[in-house]
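**Student:** predicted model, plus sequence, below.
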Amino acid sequence: MSLLKGLLEGIHMPEEAAEKIIQLEKEIDYEKLKPMVSKLYERKVWQEGLEELKTELGEDPKGYKILTCMLTAALDTYKIYKEKGIQDKIFYDTFGCFSRFVKEHLASYGSYGFDRCWWTPRQLSMEEFRLGELEFELEKWKGENVISVHIPSDAKLTKENCQASYK
């Protein structure tokens, strides 16, 4: 099994979307895109990297090309998780946002797709992590380091779940 297939299984990507991603992985020259993708790891140049990628990838009406690039980049992020001793569960829970967004596209538009590339550099750059039901993002606010808390659309907000996430 390829590493990308393993990732897609680990984040529970819908089969129809996973098949398109695996096909695009064979067609996209990821090495050529690495300089643009590398910008997705640094907050101050996220937008620049996204715009360059979109231009280079061309027509991408359902967002599968950029999704494939981001998930390929997630394999590099996974290596850093391993180096830092971060549990696989945290990685898969965090990167599960990609599958969640693909499923939300289906609910909104009647077909699988990906339209949240503006959000997911947070996960690629390891600035946002899902811990239990909540997501925690490292940010600066008025020059201070802060942690923003996000509530994913699939979160089950019970007192116990929230307490476990904070713990």
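**Tutor:** In hand now; what should we look at? These numbers were taken from a predicted model, which means no experiment stands behind them. Numbering: from 1, shown residues only.

**Student:** now the helices for the protein?
**Tutor:** 3-10, 15-27, 30-37, 46-57, 64-83, 88-109, 121-124, 159-166 (DSSP state H).

**Student:** list the buried residues of the longest one.
**Tutor:** Of the residues in helix 88-109, those buried under the neighbour-count criterion (16 or more other C-beta atoms under 10 Å) are 91-105. C-beta here means a position set from N, CA and C on the backbone, and glycine is covered the same way.

**Student:** same question, the fourth one
**Tutor:** Within helix 46-57, the residues that count as buried by 16+ other C-beta under 10 Å are 46, 49-50, 52-53, 56-57.

**Student:** ditto for the third one
**Tutor:** Judged by neighbour count using 16+ other C-beta under 10 Å, the buried positions of helix 30-37 are 33, 36-37.

**Student:** shaky segments in this structure?
**Tutor:** 1 (pLDDT under 70).

**Student:** do that again at 90, thanks
**Tutor:** Scanning the chain for pLDDT under 90 picks out the ranges 1-2, 140.

**Student:** ok, E27 to K65 distance?
**Tutor:** Per C-beta to C-beta, to the nearest Å, E27 is found 9 Å from K65.

**Student:** those two: which is more packed in?
**Tutor:** K65 (23 against 8; other C-beta atoms under 10 Å).

**Student:** grab the nearest non-local neighbour of the more buried one.
**Tutor:** In space, and not counting its chain neighbours, K65 is closest to L57: 4.3 Å by C-beta to C-beta, 6 or more residues apart in numbering.

**Student:** next one: I151
**Tutor:** L134 (6.4 Å).

**Student:** any idea how many residues pack against that neighbour?
**Tutor:** Close neighbours of L134, defined as other C-beta under 10 Å, add up to 18.
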